[in-house]
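Peer 1: Quick one, fold the following:
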Amino acid sequence: MKFKKLKNKKWFSFVSNIYVLILTVFVIWMLFFDANSLLTHIELQQEINKLEKQKEHLQKEIAKDKKTINKLKNEQELERFGREEYYLKKDNEEIYIIENADSLKK
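Peer 2: Residues are numbered from 1 along each chain as shown. Next up is the predicted model:
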């Protein structure tokens, strides 16, 4: 008896239509189970965003390195860089490294 009342409702006849049922199954399949599902697209978009941020960071690093390379083409700058970074010295020189107590790593 309840099923007969339910069957007479307008929305039930719409929902029980074969085309609506097939469309619903199709939409659910495409959103969640297909190889090109919405979830896959969201994951891929997140990966694209992450890679774009990494690209921007690496482009900044490349620009910084190019600046350093151009700077090191000057012989005086090259000598300064070698002295500061690699503690290079001339044959007749001695180098003393002085570290303050607050600059030491703990």
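Peer 1: what sits up against stretch 20-33?
Peer 2: For stretch 20-33, contacts defined as Cβ atoms under 8 Å, 6 or more residues apart in numbering pick out 14-15, 36-39. C-beta: built from backbone N, CA, C; applies to glycine.
Peer 1: ok, which stretches of this protein are helices?
Peer 2: 2-7, 10-15, 18-28, 38-72, 75-86 (DSSP state H).
Peer 1: export these to TSV and tack on mean pLDDT?
Peer 2: Compiled in TSV, those are given as follows (pLDDT from 0 to 100):
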stretch	mean pLDDT
helix 2-7	69
helix 10-15	70
helix 18-28	84
helix 38-72	95
helix 75-86	86
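Peer 1: Can you tell me which of these is nearest to Asn92?
Peer 2: Closest to Asn92 of the helices of the chain is helix 75-86 (Cβ to Cβ; 14.3 Å).
Peer 1: I'd like the distance between the residue nearest to the spatial centre of the chain and Asn36.
Peer 2: Centroid-nearest residue in the chain: Lys50, 1.3 Å away (criterion: Cα atoms, centre = their mean). With distances taken as Cβ to Cβ, to the nearest Å, Lys50 is found 20 Å from Asn36.
Peer 1: What of Lys89?
Peer 2: Using Cβ to Cβ, Lys89 is found at 63 Å from Asn36.
Peer 1: go on, Val15?
Peer 2: Counting by Cβ to Cβ, the separation of Val15 from Asn36 is 27 Å.
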